[in-house]
Each structure stands twice: as C-alpha cells, then as structure tokens.
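> Structure for the following, please:
(one chain, ligands or ions: 1)
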Amino acid sequence: MRLLQVILLIFFVTMCTPRDGNVQKEQGVIPAKVDSLLALMTLEEKIGQLNMYNGTWEFTGPVPQDGNSQEKAKNIASGRVGGMLNVLTAKGTREAQKLAVENSRLGIPLIFGYDVIHGYQTMLPVPIAQAASWDYEAARLGSEIAAREAAASGIHWTFAPMIDVSRDARWGRIMESAGEDPYLSSVMAKAWVEGYQGDELSDLFTIAACAKHFAAYGLAKGGRDYNTVDISPATLYNVVLPPFKAASDAGVATLMNSFNELNGVPANGSALLQREILKEGWGFKGFVVSDWGSIGEMITHGFAYDSTDAALKAIVAGSDMDMESRIYEKALEDLVNQRIVSGALIDDAVKRILTIKYELGLFDDPYRYSSEEREKTEVGSKENLEGVREVARRSLVLLKNENDLLPLEKNVSSIAVIGQLASSKDVPLGNWRAQAVANSAISLLEGIQNAVSASTTVRFAQGYTLVSGQRDFVHKLNVLKGDRSGFKKAINLARQSDVVVLALGEDCYQTGEGRSQADISLKSNQEELLTELLKVNKKVVVVLMNGRPLAIPEVIQNTPSVLETWFAGSEAGNAIADVLFGDYNPSGKLPVSFPYHVGQEPLHYDRKNTGRPVPNGFDSGLVFWSHYTDIPNEAVLPFGHGLSYTSFEYSDLKISKKGDGVEVSALLTNTGNRKGTEVAQLYMRDMVASLTRPIRQLKGFQKVSLDVGQSENVNFVLTKEDLSFYSTKGDLTFEPGAFQFWVGGSSVASLTGKVDL
Ligand code: NOJ
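Just a heads-up that it's a prediction; the model follows:
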C-alpha cells in the first residue's frame, strides 16, 4: 500500500507541472487531470470527496478520545472526506491536511472552508453596510482584504457572499445581505466574488467564494429564519435569481443551497434550481455545497422518508457536497451499487469538486495556503486596517441633517458621548465575526476622542443598558426597560455640553442567523432616553448601530441629525469620526427601506401598483384603496436615500432611443458649498406588460464626485435585455410599449420622462 501511494503521488506531481491556475485552465490541463485522477478512484473515495466535516477539534493537538472525533479522523485518513469547515490557523489546517494527504491512498487534499463573511480577523463593516456604499470598488476591496487574511491562515474557501435578496427587516440575516434590490445585489455579488477570487484561484492571496443561499432563503414567511418560502415563478426569476446569475457569470467557484423549502420543495432536493437553472441553464461549472445538515433536514421537512431517500433526492437534484449531515457517506455507496443512482451522477459531482481543488493549486502543494509566516504578517496588518477604515466610511449613510448640525467642529468645546453602544469595542465587530478578537474595535467614543482638538472635553455616560450577558436572548432586553439608573448622569452631561452624540441601535447579536425579531423598534429604554436628552439639549446627533432597518419614525422625526453606521467593523469609531467631523463627506445610500412600523414588512420600493393605488387627493376620505388606515404605505426613509454635507440637483433629463435600447441622461450639479460624492440612480417602469411590472425598478447607478458648483452629465445606456423581464418560465422577454424613467438621488426621485419603444 505504501509503495502504491508513493507511485501515485509521483504520478500527480509530474502531472502538475504548470503552476499557474489560468494556464492550466486555458490549456485544458485541469479537466484531463481530473479525469485521470477520477479513473484511479474507488467508489468509496469518490463519495469521500462529496463529504464535508466540521472540524470539531484543534488539529494542532491529539485527536480527542470521543467516538465522533476518532471516527472523523479515521475517515479523513482513509480518503473518505473531501472538505472541512472551521479548521483554523495555518498550523491547524496544515495538520489536518497532513492527516488526509499523508495517510489516504491517493493523497487527495482537503478543501478548507470557513464563514469569512465580512473579514477574517480585521473586520469590515457587515455586508449590508458595504452595500450601503453603492461602491463597487469598496465592496471588492473589502472581500480582497478578507481573502488575503483568510488565505494566509490556511483557508481556501469562504461561505460568502450571501446574496439573498432580503426585504423583510424582521429577518436577522438581512444584515448579511446586500438588501432589498435585485440590481444592487447583483452589482455587489459581482464585486464580492471578484474581491475574494481575484483573477486566479491559484493566487495565494485569493480564496474560492460561495454564493449563498440558493435560493430564496431571504424571503421566508414572516421574516422568521428557516421558514417556508412560497413565491411565484415571476418573483423567483425576477427578484431572487438575478444576483446568483451575476455571481455565476462572475465565475463564482461554488454555491451553497439553502435550508428553506421553495414552493414545496426543499432547496437541496430542487432539480429545478440546481440542475435546470444553475448547471444546465447558466452553465455553472463549480460545485454546490449543502447548508449545514440540510440534506438530512429534508426528512424533517417531510420531503424524504429517511437518510437514503434524502441522499437520493439531493444527489439527483444536483447537491454536490454534503456539509455535516453525514448522509452521503452513509447512503450513496449502496444507492450506486443497487443502480438507483448512476455512477455518472457521482462522477459529475466529484469532478466539480476536484476541479476547484486543482484551480486552487492544492494538487501542486496541498500546504501552500498554510503559511505561519504569511499569517503573522498578513492577518491584522496595518494596510488591512487602513483598508477597512476606508470601506467603513464609504458605508455610512447620513439620514438626516437639519440646519447643518453636522459636520461638527473639531474644536467644539464639549461633547457628551452617550449610550452603551458608544463605548462598546465589541458591537461594531458585528455577528459572523470569524476570528475577530473580542473587544478589538475602535469604539465610537475612542473615535471621537482621537479626532477632536486638545481643548475639547469629551465626556461619556452609558445612559441605557442594551448589551448584557444574555446577548442571544433579545426578549430579555425589555426587562432592562425599567432601569433608568443611567439617565441622570446622561441628562446632566447633555445639559452641560455643546453637543450630544447619542449612539442608539442594536446589539450585534440581535441580527444574524436565527436572530429574527417580530419587533424591530429599539430595545431597552433608548427612545425614552433620547426624549429626555432632547429636553435639555437640542443639538443631538444620533449615531445608529444596527444590522437591520429599524422602525424608529419618531427618532428620525425628532432628532436633528441621524447617521446610520450599521456595524462598521474594526475601525468603526475612527470611520464614524471621519464623517462626524467632516474629514469624509458621507456618500452612502440605503440599500433597504426603513419602515414606520413592523406591520409594513416586507417593505420594498419596487412594489406593484395594484388596481387601487393612492387616489388623487390623499385626504379625500376614500377608504377603498390599498393602504393602511393607521400608517402611510411608504417608507420613512426610502431605498436609495442618503444625504451629503453638500447638496445636489438633477436637471435636463434626456431620454432617447439607442439601437434596440435607450439612453437616459441628466445633469447633476453640486449646489452646496463642499466637494461631495453623489450616487446618481436610474429607475424605470415598464408601463404595461403581460406580467405587471413594479412601479419603479433600479436599473443603474453611478458614483460621481463634484467640486462646488461643478456639473456633470450622468449617462445610462440600457440594452434591450435591461428593459426586459423574466416570464413565469424564466425566459427573458422584451415587450415594446411605453417606459417611464426617473433619475435622482433616491427611489423617490422626481425628475422623470417617458419614451415609447
Ligand atoms: C449555516 C448557515 O446558514 C450558512 O450560511 C453557513 O455558511 C453554514 N452554517 C456554515 O457555518
């Protein structure tokens, strides 16, 4: 056996001469190598490649004596495992890799995956914040930094980006998404994939990306995580799938399917999604990994009788790798031997996985990513910190700024910084924080202290208590509502200071997986504190920290200035101070609508008109139109909204036919007294179609920087495809007729015109 192993290893090494992944791809070398390797594999070894384990112990030490770990170690050593997740550090991944490569018959390397969602150790703003930058380069740079750190620690593959279109603020994972819009999500999907993967998977500083969750996980009923999804084919094709198509077109290496059922079929068992649409329709060449244990959950869904049935349904439907349900390893061999599952189906899945391993260069050197030296210099480097600060400041959204209260003068004589969130060095790190060191973020308080002049007095009061020992149990937070013990100090400070900076929002563990909430207002007694502070000082700047749109109409209405900062990452405090004191003129825009009330959810700007839209004369006393009788239909803060310290005006709209498509342009002018950057947005409505179309759809945006008084033409060209929509069968369809366009700074832009096409 040993001799055979040596011969096989020599065989692989000689087959792996070109070291550049792209060269191998272009010359068609990888497919040939995959075929040769496949020909040597037993059925058991093939099924091993489809099997992914969680790393339940630190590989730097001995295998624990418990049965589970012992069995896993044995299976890794005998080639019955293709990938692992949560194996960490350069040293740990090296040891785990050794176990596979040096012991198994063919020495096939493992692929190591990890949830690097918004950074590895140096934390970026959470994904929804990055989307709020509406900035391709910022999003790309962010995932490039995350990839560099992860790759240096032996990680080959991130389970990101999450590109589930998310339009329900109750859903805790809205924080991991690019928000409510399919177009913006598609742009971000591409940027994130490019950032993680670079030009070459074989590059030592890049990792394979994984677009997730395929599909429709973000549209769970009631915003409750893992809940049923029941949507029309039109919604599937027009809303859910475009970001995944964009990721696939951008060359994403892998996709993760989802926990939810979609119209009665769990995603793992959906041949429509995984085979027809993804692999056959889009020509996706990578592999699909299941979500954690989700192949097994098909039994719980009531879709599969038992493990064998679940394995059969998943492999037939196109789920290639089984993450931790340990069902493929148990059931697939028998299914193939009994000729219920064809060998070709297994071969296809194995080939897809081996191809990515070749592209990552793992057959050239299985340890190439596990470099302790690189880990030391790369992880947490100064450049990475500078990079995340830049991404963070681009992610902040100025929601309101009455009487130009912001930016503040750096030499203001006194500032009261109030709120537990303001002093937290942990909350800005967000949920899904990978290897971030607890309490390592720059807090808002520190950021302000770093920015102000030597003569400024900065004093802090906690005010309310939000972050307690019970971070996962939000309902307990309301117990803290009655605790006003911090109010007195806060009110006194506010009274004695020139200006108040009050941090309000959520603990970072209020959003994330399994963190859905039925109530999306502020927890604890934050609003009450704000009311008290405003009584003694009108100059209150609210700095929001949150992972979801909040229902806080009164906060917005009553506070002169509100800055949305999400969970802004390791450099949060410094980035926020950059904006508060005007070193950076804010340019972010909301990727999600902020509601008046949770009862409006799911709330999104691209709704349909209905047969009974707002009647002329809102107050006409009419009742029988589509509305709520107690709150407006609209958002408090609409999708696309975001202010700057300067002002912008749009004029001179021009719409003309261009080939099969249309060209729309407008003149954008900086009418304020500061240089600034605006995200000019283009919205469209297809007036009449065989499937009703939304009243507005984002069709393009451009980030434009203008000096005081400067004007620039923003120009959008839409092709026939851009003007089309997907039919219920998934065909892209253009229907001639009237189209209306709007250009402006948000989804309620008023500069508009029509064209007949
Ligand atoms: C479950 C989550 O849904 C998924 O997004 C994540 O990547 C896996 N767990 C692995 O941690």
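
> Which residues of the stretch 501-650 of the chain lie near the ligand?
Glu513 (CB under 6 Å from any ligand atom). For every residue, glycine as well, the C-beta is placed using N, CA and C.

> Whatever residue of the chain ends up closest to the ligand: neighbour count?
Per CB to the nearest ligand atom, Phe159 is where the chain lies closest to the ligand, at 3.4 Å. Using other CB atoms under 10 Å, Phe159 has 23 neighbouring residues.

> With the one 10 residues further on instead?
Ala169 is surrounded by 28 other residues when neighbours are defined as other CB under 10 Å.

> So, low pLDDT: which residues of the stretch 1-150 of the chain?
Judged by pLDDT under 70, the stretch 1-150 of the chain has its weakly predicted residues at 1-27.

> Can you show me the helices along it?
In the stretch 1-150 of the chain, the helices defined using DSSP state H, counting those that start in this stretch lie at 2-15, 21-26, 29-40, 43-49, 67-77, 90-101, 127-132, 136-152.

> Out of those helices, which is closest to His597?
helix 127-132 (20.5 Å; CB to CB).

> Which neighbouring elements make contact with the helix or strand containing Ile295?
Using DSSP states H and E, Ile295 sits in helix 294-301. Judged by 3 or more CB pairs under 8 Å, 6 or more residues apart in numbering; DSSP states H and E, helix 294-301 is in contact with strand 265-266, helix 307-317.

> Same list (these) but as a markdown table, adding mean pLDDT, mean neighbour count and distance to Tyr136.
Shown next, in a markdown table, are these (pLDDT from 0 to 100; neighbours: other CB atoms under 10 Å; distance: least, CB to CB, whole Å):
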| stretch | mean pLDDT | mean neighbour count | distance to Tyr136 |
| --- | --- | --- | --- |
| strand 265-266 | 98 | 22 | 34 |
| helix 307-317 | 98 | 23 | 34 |
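
> could you dump the ones you listed to TSV with distance to Leu590?
What follows is those, written out as TSV (distance: least, CB to CB, whole Å):
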stretch	distance to Leu590
strand 265-266	33
helix 307-317	37
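
> Tabulate these (a markdown table), appending distance to the ligand.
Below are the helices and strands packed on helix 294-301 laid out as a markdown table (distance: least, CB to the nearest ligand atom, whole Å):
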| stretch | distance to the ligand |
| --- | --- |
| strand 265-266 | 14 |
| helix 307-317 | 16 |
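
> right, and the ones you listed - which one's nearest Thr669?
When the helices and strands packed on helix 294-301 are compared by CB to CB, strand 265-266 sits nearest Thr669, at 52.0 Å.

> Each with direction, which strands does the closest one pair with?
Using DSSP bridges, strand 265-266 pairs in its sheet with strand 261-262 (antiparallel).

> distance between the strand it pairs with and the chain's centre?
21 Å (CA atoms, centre = their mean, to the nearest Å).

> can you check stretch 262-279 too?
For stretch 262-279, the distance to the chain centre is 22 Å (CA atoms, centre = their mean).

> ok, residues contacting it?
213-217, 229-231, 236, 241, 244, 248, 255, 257-261, 284, 288, 290, 294-295, 297-298, 301, 303-304, 310, 313-314, 316-319, 730 (CB atoms under 8 Å, 6 or more residues apart in numbering).

> just the buried members of those?
Listed as buried from these are 213-217, 229, 236, 241, 244, 248, 255, 257-261, 284, 288, 290, 294-295, 297-298, 301, 303-304, 310, 313-314, 316-319, 730; burial here means 16 or more other CB atoms under 10 Å.

> OK, contacts around Phe594?
Per CB under 8 Å, 6+ apart, neighbours of Phe594: 399, 549-552, 556, 635-637.

> how about 6 Å then?
549, 635-637 (CB atoms under 6 Å, 6 or more residues apart in numbering).

> cool, and Ile415?
For Ile415, the contact set (CB under 6 Å, 6+ apart) comprises 458, 497, 499.
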